[in-house]
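K.L.:
quick one, fold the following:
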Amino acid sequence: MKISKRAEYGLTAMVHLTRSKKNKAVSIRQISNIEGVPFAFLSKIFMDLEKGKLVSASYGANGGYILARKPEKISVMDIVKLLENMNTVNCGACVKSKKCLTKNVWGRVDQAVNKTLCSITLADLIK
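P.N.:
Coordinates of the predicted model:
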């Protein structure tokens, strides 16, 4: 399994928002500069995070983004799933799927990864 730069940068940005002062909007430019994430790419990621209702935007001179929910209510899986097509293992796409001798192993790997990503919240990442 490989996590895309899109999901990696999205998670980094969400952790950044979690660490910011409560209810103080943070600009994409600020996150980009501090975290070293390309601004244009991060802007596109934030459009999806907003559509997915993980962040809320405020506009104007002091505009930026804040978390749409409490950090305890946003899992790593929420972020990763929103930003990329997440299939750890896709046995359905394999031509050997019906006769695969190791399908059980890959299914268990998939379940373990999903369970782990669901169990970690943004609040956990800033402890």
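
K.L.:
OK, contacts around residue 5?
P.N.:
By Cβ atoms under 8 Å, 6 or more residues apart in numbering, the contact list for residue 5 reads residue 41. To be clear about C-beta, it is placed using only N, CA and C from the backbone, and glycine gets the same treatment.

K.L.:
relative to residue 69, how far out is it?
P.N.:
Plainly put, residue 5 is 24 Å away from residue 69 if you go by Cβ to Cβ, to the nearest Å.

K.L.:
now residue 61
P.N.:
For residue 61, the distance to residue 69 under the criterion Cβ to Cβ works out to 26 Å.

K.L.:
so these two - more neighbours on which side?
P.N.:
For the pair residue 61 and residue 69, the greater number of neighbours falls to residue 69 (13 against 4), based on other Cβ atoms under 10 Å.

K.L.:
spatially nearest residue to the more buried one (excluding sequence neighbours)?
P.N.:
When the adjacent residues along the chain are set aside, residue 69 lies closest to residue 54, with 7.3 Å between them (Cβ to Cβ, 6 or more residues apart in numbering).

K.L.:
just residue 25 next, same as before
P.N.:
Excluding the flanking residues, the one nearest residue 25 by Cβ to Cβ, 6+ apart is residue 64, at 3.4 Å.

K.L.:
run a quick neighbour tally on the residue nearest to residue 69.
P.N.:
Other residues within reach of residue 54, judged by other Cβ under 10 Å, total 23.

K.L.:
I appreciate the help and will end here.
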